[in-house]
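Asks: sequence and predicted structure below; questions after.
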Amino acid sequence: MREQESDQSLGQTSQTEQEHSAFGADFPVPYEPQQRTFGKGAARANPQAQPMYPQMRARLRVNALSLTALLVATLGFSLAVAGIVISALVLQAAQGQENRLALGGIGLAGSIVVLLVCVAIFVITVVALALRARRRHFP
């Protein structure tokens, strides 16, 4: 079986050389450099894959972290708004009962704090992404 593979590879090489010599030029077969890869087995897994450089890997990690922060902040913001609405409903239905008034007030205060924290995370993440994009486009 290996003999057939080697015969086929020789056939391909001679065919390529014939194509180049058909034009009357005896130039060697063009040089195709191997791609650089990082990590164990990267070349064996997919030899046609683009190389992954450390800078690109770090940039992807930062972008994934920023995207995660935006998603968590958005989810927290939504839950905080829902908490404020529920606390308002509890306070409205308390009808003078001290324990319901206390729980509604604590829930309202906690929801407002969570809302402010989520807005701060969202703003910081958006500003950081904007500054990074600005540095990349305007050095």
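Replies: Nice, thanks for sending it over. Numbering: from 1, shown residues only.
Asks: so for stretch 60-79, mean pLDDT?
Replies: Stretch 60-79 carries an average pLDDT of 89.
Asks: which other helices and strands contact the helix or strand hosting Leu70?
Replies: Leu70 belongs to helix 54-92 when assigned by DSSP states H and E. When contacts are defined as 3 or more C-beta pairs under 8 Å, 6 or more residues apart in numbering; DSSP states H and E, helix 54-92 packs onto helix 98-137. Yep, even glycine has a C-beta here, placed from its N, CA and C like the rest.
Asks: who are the packing partners of the helix it packs on?
Replies: Here helix 98-137 touches helix 54-92, going by 3+ C-beta pairs under 8 Å, 6+ apart.
Asks: pull out the buried positions in the helix it packs on.
Replies: By 16 or more other C-beta atoms under 10 Å, the buried positions in helix 54-92 come out as Ala69, Ala73, Gly76, Phe77, Ala80, Gly83, Ile84, Ser87, Val90.
Asks: okay but the third one is in contact with Ala120, surely?
Replies: No: Gly76 is beyond contact range of Ala120, at 10.6 Å (criterion: C-beta atoms under 8 Å).
Asks: what residue ranges in the protein score low on pLDDT?
Replies: 1-56, 58, 139 (pLDDT under 70).
Asks: of all the buried residues of helix 54-92, which two lie farthest apart?
Replies: Distance extremes for those: the farthest pair is Ala69 and Val90 at 30.7 Å, using C-beta to C-beta.
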